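Novice: Okay, here's the prediction I keep looking at, along with the sequence it came from:
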Amino acid sequence: MFEDRSYKRTFYSAPQSVESLVAAFLEPGIIVLCFLGINAWFGEPVLRSTLTLCLLVFALTFPGRNRFSEHPVSAAIDVISSWVVLLVILSLCAYATNSMGYFEERTLLRWALLTPVAQILAVELGRQVLRWQARQPQARRSAVIIGAGSLATKVARALHDSKALGVDFLGYFDDRQDERIHSEAQPKMLGTLSQVSDYVRTHGVREVYITLPLGSQPRIVQLLENIQGTTASLFFVPDVFGISIIQGRLQDINGVPVVGICETPFTGTNELVKRISDVVLSGLILALISPLLLLVALGVKLSSPGPVIFKQRRNGLDGEEIIVYKFRSMRTQDDGAVVKQATKSDPRITRFGAFIRRTSLDELPQFINVLQGRMSIVGPRPHAVAHNEEYRKLIKAYMVRHKVRPGITGWAQVNGLRGETDTVDKMKARVEYDLEYLRNWSLALDLQIIVRTVRLVMFDRHAY
């Protein structure tokens, strides 16, 4: 479902370049500076409430997303949608803490209108600067690729599409002359491996990408010895398209280069941002819905005998067992070696239980799980332990979804995979969406999922 990925999105490195550093601070910096600037324009003093708002906004938006390579329209839509979601969160915070009166209405209104405009202009300025730099003769670099198979053509397309890199791709080198040469590579064949070194010297090639399979190790060693007599930069491109890459990254362990191919996105700053947003949002939501929790608890108690809260064993972060809370919606409480999923018109579901399941009110106690650190607001939905034991044997990379805390809602759920998964294909589709979430996580994506979940709960009538 999601296998058609460009090579440049398979791996990413930690933000080290100037471009990545600027992107990380651009969004939170502009939001804070716009607020302070408008505040100063109206002659308002910088009070403790002002600084608190600035710190909260910075924490919720750092690190910013790198939008310089996106299409201008897509970048603008992303900026506006992320800003609207952030304003909704800030409004909920203000309502819960009764702090709206600390700020001038005219300041907040102009801040809400001008900030996304400033962000869009800044992104466009950054895009134009990168393009200008890439067009400068001294910034352009020529490159060749060793190998002419399907992996080589993926790299060539990635170099061509990444215009901001300023790379001029010249062609391929390969010893093979049979069908293993990709049809796209045929017109740009430059020679054999023995000719690479001379070609690099005479044409001033700056970058060499090696895409030969690991089985060609002796040839690669000899090739490296030859090319290292030039000044070209060398890059080895591992063929990892046969496996599911989750947050692939290059790391350095005391001088030893390590290629990570399956890792959680929540490390370092990302982990801190994720946890802070979970604690802040879940705390606010629980405070706001506490009367609703009492009403639902009363309805469960009166509708059928049994406990109000249903506790079920699920697999959490790194596959460890956790206890997940839900309002009881059934007459039975299955939590053994075999757990039957709820189906449409399931006789085990009470009348009130059907209502809270349809409206997702049964999931509300899981915000307590979020505060406990067992779950996150957004993440792969936790399945019963019995289901995990069944599907981990049937679905490739099934347990990779446990590289992060399970969520109350997730990318799969807002894309139509909510409720019963009565076939392996349905579960496989849900897992694919979960892995897609792990590959592309950002705070903006979390906020988008939360908004779509609210809309889905309000208007979806197909849940049970």
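Specialist: Looks like it came in fine.

Novice: Break the protein down into its structural domains.
Specialist: According to automatic domain parsing, the chain comprises the domains 7-135, 140-242, 269-459.

Novice: Using CSV, lay out those domains together with distance to residue 262 and mean pLDDT.
Specialist: For every residue, glycine as well, the C-beta is placed using N, CA and C. As requested, these are exported to CSV (distance: least, Cβ to Cβ, whole Å; pLDDT from 0 to 100):
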stretch, distance to residue 262, mean pLDDT
domain 7-135, 12, 81
domain 140-242, 10, 83
domain 269-459, 6, 84
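
Novice: out of these, nearest to residue 263?
Specialist: With distances scored as Cβ to Cβ, the stretch of those nearest to residue 263 is domain 269-459 (7.1 Å).

Novice: now the closest one: how far from the chain's centre is it?
Specialist: 19 Å (Cα atoms, centre = their mean, to the nearest Å).

Novice: where do the strands sit along this protein?
Specialist: Secondary structure of the chain (DSSP state E): strands at 141-146, 167-173, 189-191, 207-210, 233-236, 249-253, 256-260, 309-315, 321-327, 376-378, 407-409.

Novice: can you tell which of those is closest to residue 284?
Specialist: That would be strand 376-378 among the strands of the chain, by Cβ to Cβ, at 11.0 Å.

Novice: Show me what the closest one packs onto, helices and strands only.
Specialist: helix 269-303, helix 366-372, strand 407-409, helix 443-459 (3 or more Cβ pairs under 8 Å, 6 or more residues apart in numbering; DSSP states H and E).

Novice: Kindly reformat the strands of the chain as CSV containing distance to residue 271.
Specialist: Formatted as CSV, the strands of the chain follow (distance: least, Cβ to Cβ, whole Å):
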stretch, distance to residue 271
strand 141-146, 35
strand 167-173, 34
strand 189-191, 46
strand 207-210, 33
strand 233-236, 29
strand 249-253, 14
strand 256-260, 15
strand 309-315, 20
strand 321-327, 18
strand 376-378, 11
strand 407-409, 15
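
Novice: Any chance of CSV for the ones you listed, columns mean neighbour count and distance to residue 130?
Specialist: Shown next, in CSV, are the strands of the chain (neighbours: other Cβ atoms under 10 Å; distance: least, Cβ to Cβ, whole Å):
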stretch, mean neighbour count, distance to residue 130
strand 141-146, 22, 15
strand 167-173, 20, 13
strand 189-191, 15, 29
strand 207-210, 22, 18
strand 233-236, 14, 20
strand 249-253, 11, 22
strand 256-260, 10, 27
strand 309-315, 18, 43
strand 321-327, 18, 44
strand 376-378, 26, 31
strand 407-409, 25, 35
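
Novice: what pairs with the closest residue in space to residue 206 that isn't next to it in sequence across the strands?
Specialist: Closest residue to residue 206 apart from its sequence neighbours, by Cβ to Cβ, 6 or more residues apart in numbering: residue 141 at 3.9 Å. Assessed by DSSP bridges, residue 141 has beta-bridge partners residue 167.

Novice: neighbouring contacts of stretch 91-103?
Specialist: The contact list for stretch 91-103 (Cβ atoms under 8 Å, 6 or more residues apart in numbering) reads 47, 49, 50, 53, 56, 280, 284, 285, 287, 288.

Novice: are any of the residues you listed buried, and which?
Specialist: With burial judged by 16 or more other Cβ atoms under 10 Å, the buried subset of those is 50, 53, 280, 284, 285.

Novice: how near is the second one to residue 224?
Specialist: Spelled out, it's residue 53. 55 Å (Cβ to Cβ, to the nearest Å).

Novice: swap in the first one?
Specialist: Remark: distance between residue 50 and residue 224 (Cβ to Cβ) = 57 Å.

Novice: Tell me which residues touch the residue nearest to residue 206, please.
Specialist: Residue 141 makes contacts with 165, 166, 167, 168, 206, 207, as judged by Cβ under 8 Å, 6+ apart.

Novice: can you do 10 Å?
Specialist: Applying Cβ atoms under 10 Å, 6 or more residues apart in numbering, we find residue 141 in contact with 134, 159, 165-169, 204-207, 232-233.

Novice: and if you look at residue 143?
Specialist: 155-156, 159, 165, 167-171, 205-209, 232-233, 235 are the contacts of residue 143 under Cβ under 10 Å, 6+ apart.

Novice: For it, which non-adjacent residue is closest in space?
Specialist: Nearest to residue 143 is residue 207, by Cβ to Cβ, 6+ apart, at 4.0 Å.

Novice: Tell me if I'm right that the one you found and residue 167 touch.
Specialist: Yes - using Cβ atoms under 10 Å, residue 207 makes contact with residue 167 at a distance of 6.8 Å.

Novice: Need the overlap of contacts for the two.
Specialist: 141, 142, 143, 159.

Novice: quick one: which of those is nearest to residue 182?
Specialist: Of the shared contacts of residue 207 and residue 167, the one sitting nearest to residue 182 (Cβ to Cβ) turns out to be residue 159, at 15.2 Å.

Novice: so the closest one touches residue 209, yeah?
Specialist: Yes - using Cβ under 10 Å, residue 159 makes contact with residue 209 at a distance of 8.0 Å.

Novice: shared neighbours, the two?
Specialist: Common neighbours of residue 159 and residue 209, using Cβ under 10 Å, 6+ apart, are 143, 145, 167, 169.
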